[in-house]
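In: model the following, please.
(2 chains)
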Amino acid sequence: MTAQPRPLEPFRIVEVNAPDAPVMTRLATAMAGKIAADLGASVIKIEPACGDPLRFLPPFLANGEATERSALFQFLNTSKRSAATDRADLRARLVAAADAVITDDAALIGDAPRVRVLVSPMADRQFPSPPIEQIDILAMSGLMDIVGEPDGPPMKLGGHQCAYTAGLAAFTGMVAALANAGIAEIVDVSILDVALWTNWKTFADRLYSGRAPTRPGTAGEFQVLACADGHAAFVYTEKDWPILVRLFADAGLDAAEFATRPQRQAAGAAINARIAPWFAARTRAEIYAQAKAAGVPLSAVWRLSDLAADPQYIAQQFFADIAHPMHGTLRFPTLPLLWNGARFAPAPAPELAQALAAAHD
Amino acid sequence: MKVEAGSAIDLFRTWDGRAPGTDWWNRSRFFRFTNRNKRGLGIDLKSPDGRALFLRLVAQADVVLENFRRGVLERLNLTFADLLAANPRIILASITSQGENGPDRAAPSYGSTLDATSGLASISGAADGMPAISGIALNYPDQIVSIFAAGVVAAAVLQTRRTGRGVHLDIPQRELASFLIGERILAGDEARLGNGDDTGAMQDCVRSADGIWIALRADASTEERVPEPLEAWAGVRKAQEVIARLAERGIRATAVADGNAMHDAVTSTPGNAFARDPGGDWAKGFPFQFRANPLSVARPAPALGEHTGEILRDMLGLSEAEIAALETSGATAVLPNA
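Out: Now for the predicted structure:
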């Protein structure tokens, strides 16, 4: 399955963090390096001799040594090698010998290598104290304001979304600069700018309508509704409405009061009340199957434990079972990519003990 | 070159309404915001002449980027094999909903459909509440895939330069949304943490007396300095005071910007996320920036088919008469179908 040569095989990339870096930029640089490594680049992660701080952050695998238990570290550092050292001269030599460096340390942005990627919390490239972390970026970018219930607090999406999105941007900026052969380039990634960029519709909507979208509650066309075995997402656009009226088999939804989009937005609570029994009587799988058959974009809210057995993910071979020297078999979500039909399965993350030994070779 | 047909214009062209008697399809501000730096090419891929024209352009292209529902390229006879026959070095980047294979390959979706099926919604939202989707204003999976796909395409360009062989990329949005919660999936950690921090720090959102939500975060060394009960403490103080008093205790707190505050901040201190096009209108900027060769918005978004003649003349060497004949036959278009 993985006989396909990997596209970034010719490139040597070093990933290194500033001693005082916030968690956020560490996550972003690690994500950028992971994607490059899974795509075949030779990625060396330089970590302090005591271990990358991410080695000690949750979530954790069931067992294993303290430095190898973090699922966060294991996920973000697949296919990399590591050099664990506190020696600045070694670090400088590794950076200088690479094709690209991914870092959050502005002090490392010198004249080499040709491509230097600098991830910063904001455009000023500072690390203030107390640190700016993802929650602050989500607040400043307006991303939190549009998620959640209108009468409740603004809500973040789960996981490390704004750090990882910045990691995607760092990866893309780096590969674009590598492809621009012969040009020495510094790629600046501001995590706040990436968050704002993903929230472009809010900016444009405010700009054009004078009104800012906020958490829409029942006025939003998209809802989450309870069903027999969990939750389902009620997602549709204008053209789907007549199909939904038939799908729900509720002639009352055909009434004049629900005929137009503004009317439906104003009557969201009434619509939800009418359709709630239809959802409550069905399982997630039944709802998803009926929606697919009808050609409307309703879907199941799958739990994480549902994903490995999901027929679509099985058909796409999204998960790879990887033999890990300490954890036995680990089931990884792979790069979201088929390359001429082939998956790029990851290799396990480097162990700290080996990284210490490697640094002294 | 953005390819659209009169029968299949970009959905964003309809977002600003369809004012009668106007070229509304060229005026949509949302379309113009996000399609800067492109040229417009109006080709009807369903017409045999249009398809042939498209393949002649593919012969000179590096990349074809598409997000049709699965099955449409087969019906158009424009599969990867068809493109390879026109250009053995072509990269076909398919931004798919759920991928090329499998029972859900043709299932319809918007971004928030994939919030739900990726697992992201199940770990988003209040611990004691409902799962949360990103919603219509964000449609998060749509945004992240555009950043990721650009990098994957650049990687494919690097490989094709070495091998001389084309590549088909299948980049499923649902998989990307799952990938971005990869450590949770790996650990089997299904907790819905609300505004809590995944790395274990104390983190919350509280409302001040003047009705402003404030996000705050305290680590192990500052957690004991968080006032208790926090909601009551914050609820009798104005936002500015809440933020200042927490700062005195070494705790960072940030007012949650709504769209108005975000708009005001961006327009007063523009970063890279948004930029002005040559006509002075705001447009989408960039999620990263190059220092040696800065990215800029050099060209406003195109009218439907605006550059069709220019492209056919410059790339294919067609005469004005040939270009006119293609338009007459319906192979090219500058107007949406009625």
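In: longest helix of the chain?
Out: No chain was given, so I picked chain A. helix A:161-179 (DSSP state H).
In: you answered for a different chain; I wanted chain B.
Out: Max-length helix for chain B by DSSP H is helix B:140-163.
In: angle of it against helix A:161-179?
Out: Angle, helix B:140-163 to helix A:161-179, by axes from the mean of the first three to the mean of the last three C-alpha atoms, to 10 degrees: 20 degrees.
In: and helix B:140-163, what does it pack onto?
Out: If you count contacts as 3 or more C-beta pairs under 8 Å, 6 or more residues apart in numbering or on different chains; DSSP states H and E, helix B:140-163 packs onto helix A:161-179, helix A:191-198, strand B:63-66, strand B:91-96, helix B:111-118, strand B:167-172, helix B:173-179. C-betas here are computed from N, CA, C, even on glycine.
In: quick revisit: which strands or helices does the longest helix of chain A pack on?
Out: Against helix A:161-179 (3+ C-beta pairs under 8 Å, 6+ apart) you get helix A:23-38, strand A:100-103, strand A:115-120, helix A:134-140, strand A:185-190, helix A:191-198, helix B:140-163.
In: as CSV, those with mean neighbour count and mean pLDDT would be great.
Out: Listed next are the helices and strands packed on helix A:161-179 as CSV, based on neighbours: other C-beta atoms under 10 Å in any protein chain shown; pLDDT from 0 to 100:
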stretch, mean neighbour count, mean pLDDT
helix A:23-38, 27, 98
strand A:100-103, 27, 98
strand A:115-120, 26, 98
helix A:134-140, 27, 98
strand A:185-190, 23, 98
helix A:191-198, 28, 98
helix B:140-163, 22, 97
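In: same list, the ones you listed, but as CSV with distance to B:G50 please.
Out: Shown next, in CSV, are the helices and strands packed on helix A:161-179 (distance: least, C-beta to C-beta, whole Å):
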stretch, distance to B:G50
helix A:23-38, 37
strand A:100-103, 42
strand A:115-120, 40
helix A:134-140, 45
strand A:185-190, 39
helix A:191-198, 34
helix B:140-163, 24
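In: neighbours around the residue of chain A found nearest chain B, how many?
Out: Nearest to chain B, among the residues of chain A, is A:A212, at 2.5 Å (C-beta to the nearest C-beta). Around A:A212 there are 21 other residues, counting by other C-beta atoms under 10 Å in any protein chain shown.
In: so which helix or strand takes in it?
Out: Per DSSP states H and E: A:A212 is located in neither a helix nor a strand.
In: nearest the middle, which residue of chain B would you pick?
Out: B:Q143 (3.2 Å; C-alpha atoms, centre = their mean).
In: and for it, nearest residue in space, chain neighbours not counted?
Out: The shortest distance from B:Q143 to any non-neighbouring residue, by C-beta to C-beta, 6 or more residues apart in numbering or on different chains, is to A:T198 (4.1 Å).
In: just B:S112 next, same as before
Out: Nearest to B:S112 is B:I133, by C-beta to C-beta, 6+ apart, at 4.3 Å.
In: next up, the contacts around the one you found.
Out: The contact partners of B:I133, taken as C-beta atoms under 8 Å, 6 or more residues apart in numbering or on different chains, are A:F222, A:V224, A:A233, A:V235, B:S112, B:D115, B:A116, B:A121, B:S124.
In: ok, and the most crowded of those?
Out: B:D115 (34 neighbours).
In: for chain A, what's its nearest residue on chain B.
Out: B:G259 (2.5 Å).
In: what sits against that residue?
Out: A:G142, A:D145, A:I146, A:T202, A:F203, A:D205, A:R206, A:R211, A:A212, A:P213, A:T214 are the contacts of B:G259 under C-beta under 8 Å, 6+ apart.
In: same thing but at 7 Å, please
Out: The contact partners of B:G259, by C-beta atoms under 7 Å, 6 or more residues apart in numbering or on different chains, come to A:G142, A:D145, A:T202, A:D205, A:R206, A:A212, A:P213, A:T214.
In: can you check B:A150 too?
Out: B:A150 is in contact with A:T172, counting by C-beta under 7 Å, 6+ apart.
In: cutoff 8 Å now
Out: A:T172, A:A176.
In: looking at this, A:I243 is in a helix?
Out: Yes - counting by DSSP: H, G, I helix; E, B strand; the rest coil, A:I243 is located in a helix.
In: looks like it contacts A:A293 (just checking).
Out: No - using C-beta atoms under 8 Å, A:I243 is not in contact with A:A293, being 10.6 Å away.
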